[in-house]
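**Student:** Give me the fold of what follows.
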Amino acid sequence: MRELVRTNDMVLVSAVVALLEGAGIRPMVLDQNMSVLEGSLGVLPRRILVAERHELTARQILEDAGLGKELRPDAD
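**Tutor:** Numbers count the residues shown, from 1 in each chain. Below is the predicted model:
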């Protein structure tokens with residue numbers, strides 16, 4: 001799995017997930033249930049990951065949608 005985005009913005013999380021799912025890529029959102037521990041303040045960022053084989057396509061989809069500045073640096 002490769003991390004694409006890390007954010008506290010739930011609207012951005014929803015947008016990224018919708019874009020990726022629309023392209024047939026199944027993202028994994030981690031840390032979304034941490035709000036129970038943190039008190040729902042939105043302090044802990046959510047992480048969006050995709051399978052390694054989908055990383056380049058997913059990055060291109062987000063770039064094309066104008067969300068390139070939200071991408072984490074790629075690991076390579």
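
**Student:** In the protein, which helix is the longest?
**Tutor:** Longest helix of the chain, by residue count under DSSP state H: helix 10-22.

**Student:** Next, the buried residues of it.
**Tutor:** Judged by neighbour count using 16 or more other CB atoms under 10 Å, the buried positions of helix 10-22 are 13, 15-17, 19-20. Every C-beta, even on glycine, is put in place using the N, C-alpha and C of the backbone.

**Student:** and if you look at stretch 61-73?
**Tutor:** Buried-residue list, stretch 61-73, by 16+ other CB under 10 Å: 61-62, 67, 70-71.

**Student:** returning to that earlier point: next secondary structure after the longest helix of the chain?
**Tutor:** Next helix or strand after helix 10-22 toward the C-terminus (DSSP states H and E): strand 28-30.

**Student:** and that next one, what other elements does it pack with?
**Tutor:** strand 46-50 (3 or more CB pairs under 8 Å, 6 or more residues apart in numbering; DSSP states H and E).
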